[in-house]
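Colleague: no sequence on hand, only this structure:
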């Protein structure tokens, strides 16, 4: 590239040229954020491994029929999946979560797997959905699942895993809560409210009404359980049409949370006393609570929350949701709870899709990107990584010498590069600044004659420049600059780099 | 899951059920291989970072027009890409390499990027191609690229980067070679052989003939440069139709390699003396050679190879190929060189797709999966990770106690899990063996009464079992088993785990 067009703006593309743009709902992740992501993944991996889960990686693409199309956080199947035909006209889909491929893997390898089978997995998943602020069409999940265990201890463990992972990442106790509920208790309440055999979809209307508690308050939920609700704009939403008595049963259920675990469970027990499945659900929660208490988590971080109806069309027993409780500024400027960063539950039907036999399974999934966003609110700001030492090119005829200086630094374990562009000294310094370099190495003909190099500490230099107002003073003192013998290059550069290695400046 | 169906074979699926199967050309990666992969990625990342490259991650999906469809290792565009329309009917494609998304990223962010822009990236890429042995439709690449530098030093650096990465991974000097060639020398030879203005595709025929040297030998290449070649089955391949004199020019070119760098370059210089572009190519290689020598790589690991015609339809200057030279058994049982594990070169036209302005760029890409396969030949065998300590469940009424023992171990940093299945003692031991557990923790009613646990060292136990033939003797001695006070659980289990942590057994 010639000097003239390097810093010039790129001309507007000709009509025939494609516009360089990210696809809608996708994002690039740059070095600072990636460094934080790597640390995060390492920490979660350590926690998941400490629980005995082993790593597994399945491909991003699966046959559509093997993947199924049922999203855990959607009410309806078939939505939100990227699908297409390959060269053999086979329908393929991009994975929309890590659980569906796990079910395929388990069914395919059932004979040889240890049982229970415990694996963790992380990676990108894809949704063919309308993106929005903070909602992307590619994002990362980090899952742990236990397949082939009907023991409720497997569910209790998922709650502890979630708590331990959050705490290992620096979320303090008190700043998060693991909400637990049980699909079976919901079923019990629906039974008691007279919807046992209902197939008209009113069950779903009730679940959706409960899910709106945060937004509409208890009176809004009451209207949606009964005849329906008119919102501020005058739009009417049809309700579930429960009788006043049945409505109050569900309302009592919704209001049974918010106290200590034992009282909530006692209240729930009363409400579903008439329902076999309901009682079973309460017993399961009671067992989870006692296992968690035995493991020393106490009553704090893990709570029973009857309004947690996450993915209840999908889960078959206990459900969990990891929520961050600290407040952040919402889109409208108002302070809101940060909210959910992960969830999971028991799903006993997934492997049965292939085999006809129920294989009990339970899992927990962290929404990695969302959790990383949360951590920045807790002071884990993305930092630009410390850049390489830049060896400036003062004289193109001596490029092999500069290359050699660079190689000497690198061989000593110092991150270093020779400037590879074609611009002059000033642009090279600007480049080094932009790369967040700790220092540049300069060797002009004077230095070469003396067997020396000049080192310039860029962070120190920037501070000095801010302090010195007078250009003449600057030229006289040349702060943060020192001449060293070539033989001392590694030692002196090493000293400067070490100064900045821990807390990255810039 | 009930006891009865857990270990029973899964029934054949009913006709309506999908078959649990991987998509053709895709693979699952299990824990042992993933552990090796993680180590490998960490090592490559360190080397790439030491060269000053910063991490960047672009999405797996891009708009088809922004990605383009030109595979570097294919002669024709438009082949091998997974493409489909999203809900907005926009055409999208899965990335087929990491360079096309880089070009999009650079064009999109040109104003704000440091120039040159130096990034590394790794991740899965996808090819809609016919899979074969060792050829998958999803595989991983690890790339470094310098964009916006026309300095040939940027190309020289790629060769050093490749050498350093291989050596850091344990490939010794002598077991690999970085082949270098230059598209411009090829162009020079084509000029000299009278094909300067040829648009009939004969250039491509010549390149393909050169690429077949390994398989057909020099006489086969000679036939393909001239009238054509009949193979053993009698099939005839049309040749490039060069005159005998022009054929010998190309043959002299093909045979110019295989000596030291200086002699090869001198020979190439003679051959293309009449071609401006050819001389330029030789000068570029000479500069690369001198920079590499200055950096201390000597004449060994990096060689000029005129028969290296990798992706020459795509690259515009120097090209590189990293080849492992040790021999392995080929598919036919014959000993063959392991071959290519990466490559790259200069491509000055990619960003121009968007902007109309050439932006000089050069890069190197490691085929991660292939290189990992290679490393297993060098003794880097995938090892099953050391499994968790398994706390057996002897008595379901005391599950909270077992959970507590597990939690105590985990809190002390010991990988541990409570058995979560519903089977008996024997199956639990089998499970622990299958998980590669170093030890199990047993607490029956006897031990509980005494405040003790029994630890069983499974690796030691397996050795003892192999030595003891007599069942009575076994029962009498109970090798590799010891009773310890509950208070000593962490210390004693820690001792056993430490014994196996470094070199994983099993």
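Modeller: Yep, that arrived. Fair warning: this is a prediction, and the values are worked out from it, not measured in the lab.
Colleague: skip the chain neighbours and tell me the closest residue to residue A:158.
Modeller: Nearest residue to residue A:158, sequence neighbours excluded (C-beta to C-beta, 6 or more residues apart in numbering or on different chains): residue A:364, at 4.3 Å. Every residue, glycine included, has its C-beta placed from N, CA and C.
Colleague: neighbouring contacts of the helix or strand harbouring the one you found?
Modeller: For residue A:364, the element it lies in under DSSP states H and E is strand A:361-367. The contact list for strand A:361-367 (C-beta atoms under 8 Å, 6 or more residues apart in numbering or on different chains) reads A:44, A:97-99, A:102-103, A:106, A:139-149, A:154-155, A:158-159, A:161-162, A:165, A:317-318, A:320, A:322, A:340-348, A:350-351.
Colleague: repeat that for stretch A:284-304.
Modeller: A:152-153, A:155-157, A:159-160, A:163, A:173-174, A:176-182, A:184-185, A:257, A:260-262, A:264-265, A:268, A:317-318, B:399-401, B:403-404, B:406-407.
Colleague: just the buried ones out of the residues you listed, please.
Modeller: Neighbour counting over the contacts of stretch A:284-304 (16 or more other C-beta atoms under 10 Å in any protein chain shown) leaves A:152-153, A:155-157, A:159-160, A:163, A:176-182, A:184-185, A:257, A:261, A:264-265, A:268, A:317-318, B:399-401, B:403-404, B:406-407 as the buried ones.
Colleague: next SSE after the strand holding residue A:364?
Modeller: Remark: after strand A:361-367, the chain's next helix or strand is helix A:368-377, criterion DSSP H and E.
Colleague: averaged pLDDT, that following helix. What do you get?
Modeller: For helix A:368-377, mean pLDDT is 90.
Colleague: stretch A:163-177 too?
Modeller: Stretch A:163-177 shows a mean pLDDT of 94.
Colleague: what is the end-to-end distance of it?
Modeller: End-to-end span of stretch A:163-177 (C-alpha to C-alpha, to the nearest Å): 8 Å.
Colleague: now that stretch, how far from the centre of its chain.
Modeller: Here stretch A:163-177 shows a centroid-to-chain-centroid distance of 14 Å under the convention C-alpha atoms, centre = their mean, to the nearest Å.
Colleague: residues in contact with it: which ones?
Modeller: Taking C-beta under 8 Å, 6+ apart as the rule, stretch A:163-177 contacts A:40, A:43-44, A:46-48, A:50-51, A:178, A:297, A:300-303, A:322-326, A:341, A:366, A:371, A:374-375, A:378, A:380.
Colleague: so of those residues, which ones are in helices?
Modeller: Counting by DSSP state H, the part of these found in helices is A:40, A:43, A:44, A:46, A:47, A:48, A:50, A:371, A:374, A:375.
Colleague: surely the fifth one touches residue A:157?
Modeller: No - using C-beta atoms under 8 Å, residue A:47 is not in contact with residue A:157, being 11.9 Å away.
Colleague: which positions in stretch A:83-94 come out as buried?
Modeller: Under the neighbour-count criterion of 16+ other C-beta under 10 Å, stretch A:83-94 has A:84, A:86, A:92, A:93, A:94 buried.
Colleague: in those residues, find the pair that's most separated.
Modeller: Pairwise distances across those (C-beta to C-beta) peak at 12.3 Å, for the pair A:86 and A:94.
Colleague: surely residue A:353 is within a strand?
Modeller: No - the assignment for residue A:353 (DSSP: H, G, I helix; E, B strand; the rest coil) gives helix, which keeps it out of a strand.
Colleague: number of nearby residues for it?
Modeller: Number of residues near residue A:353 (other C-beta atoms under 10 Å in any protein chain shown) recorded here: 20.
Colleague: what does the one 10 residues further on give?
Modeller: Here the neighbour count serves as a burial measure; for residue A:363 (other C-beta under 10 Å) it reads 29.
Colleague: for the closest residue to it other than its chain neighbours, what are phi and psi?
Modeller: Once flanking residues are discounted, residue A:363 sits nearest to residue A:145: 3.4 Å by C-beta to C-beta, 6+ apart. Main-chain torsions, residue A:145, degrees, to the nearest 10: phi -140, psi 150.
Colleague: how near is residue A:145 to chain B?
Modeller: 11 Å (C-beta to the nearest C-beta, to the nearest Å).
Colleague: can I assume residue A:56 is in contact with residue B:29?
Modeller: Yes - judged on C-beta under 8 Å, residue A:56 makes contact with residue B:29 at a distance of 7.4 Å.
Colleague: how near is the spatially most central residue of chain A to residue A:29?
Modeller: In chain A, the C-alpha nearest the mean C-alpha coordinate belongs to residue A:368, at 1.2 Å (C-alpha atoms, centre = their mean). Remark: distance between residue A:368 and residue A:29 (C-beta to C-beta, to the nearest Å) = 11 Å.
Colleague: also residue A:333?
Modeller: Applying C-beta to C-beta to residue A:333 and residue A:29 gives a distance of 27 Å.
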